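Engineer: structure, please.
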Amino acid sequence: MNNTELELLKIIADMEGTPSGAFNIRANGGLADRKVTENIDIRTKTDKPGIDIIVKPGTKGEKVHIPVIISETGLSDLVYNDFIIGENADVEIVAGCGIHNCGSENSGHDGVHTFFIGKNAKVKYVEKHYGDSDGDGKNIMNPTTIVNIDDGGYMEMETTQIKGINSTKRVTKSRLSDNATLIIHEKLMTHADQYAETDFTVDLDGENSSAHVVSRSVAKDNSSQLFLSKINGNNICNGHTECDAIIMDNAHVSAIPQISANHIDASLIHEAAIGKIAGEQLVKLMTLGLSEKQAEEQIVNGFLK
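Structural biologist: Prediction:
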């Protein structure tokens, strides 16, 4: 790999050199490198592009990296990745996509990730998106995540769009069984004329299932964002969805949270807050010697932590 590709891996997956544990690196539409372990197998699909990641029941404390990088212009990549997590496993999955568009044509990646989380299994899923460009070509990403959590299962998702993505539609659909839990933390930044759409749907089908969905975003320049979140309480359950956004310059943000209680003991909450950076925050930091631009950057970075 060249230095540009290695830098992309560092940004989106914190990879410097070969990681320990299982990994699969996809570069410019093909397999770049792969390693499996005794407990985590990775297999190439035979019917469509993508891989199957299979975690044995009872696996504890292992991590698997599955980053995607694109360093060509005019490349449109599509993968279907399935995650089969065995009962009582406890693993961390580090995904993400980085694009360095070196020309004038658009480059993009669409990933459809489907999770089958077994009984009492626990998954932490980390996904980062990043783009940059040497020319006029745009970077496009449309990730789809489908989550199925069996009885007593748990999934925590941390999804981050760092910068440099011209257009994205981020779709997450999930179904929870008895005593299952889903926690989602989304962090998103847009600038220039970029557009980002987030669409969450959570079906709380199981008794005592729960979901906590939080999105924090910053929209700068002339960019625009749309946040959609729907939680369906179909049993005795608890659900919470929240969108907090900062708008700057001429940016635009729309938030549309929706909750549907389809059971008398469904307890659901939604919140949305959109606004500019408070003037008193800027003044406080500027009295410490920061310029207005530096103060804004510090506030934004703290907000997205």
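Engineer: all helices of the stretch 201-305 of the chain, in order?
Structural biologist: Taking DSSP state H, counting those that start in this stretch as the criterion, the stretch 201-305 of the chain carries its helices at 279-286, 292-303.
Engineer: least reliable of the ones you listed going by mean pLDDT?
Structural biologist: Per-stretch averages of pLDDT across the helices of the stretch 201-305 of the chain put helix 279-286 at the bottom, with a mean of 69.
Engineer: export the helices of the stretch 201-305 of the chain as a markdown table, with columns for mean neighbour count.
Structural biologist: Backbone N, C-alpha and C define where each C-beta goes, glycine included. A markdown table is the format used below for those (neighbours: other CB atoms under 10 Å):
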| stretch | mean neighbour count |
| --- | --- |
| helix 279-286 | 13 |
| helix 292-303 | 14 |
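Engineer: any chance of those in JSON lines, plus distance to residue 35?
Structural biologist: Listed next are the helices of the stretch 201-305 of the chain as JSON lines, based on distance: least, CB to CB, whole Å:
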{"stretch": "helix 279-286", "distance to residue 35": "45"}
{"stretch": "helix 292-303", "distance to residue 35": "34"}
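Engineer: closest to residue 46 out of these?
Structural biologist: helix 292-303 (44.3 Å; CB to CB).
Engineer: out of the helices of the stretch 201-305 of the chain, the one nearest residue 163 is which?
Structural biologist: helix 292-303 (11.3 Å).
Engineer: and the closest one, what other elements does it pack with?
Structural biologist: In terms of contacts (3 or more CB pairs under 8 Å, 6 or more residues apart in numbering; DSSP states H and E), helix 292-303 is packed against strand 209-219, strand 237-247, helix 279-286.
Engineer: what are the contacting residues of the helix or strand residue 146 falls within?
Structural biologist: Per DSSP states H and E: residue 146 is located in strand 144-149. With CB atoms under 8 Å, 6 or more residues apart in numbering as the test, strand 144-149 has contacts from 110-117, 155, 157, 171-177, 180-182.
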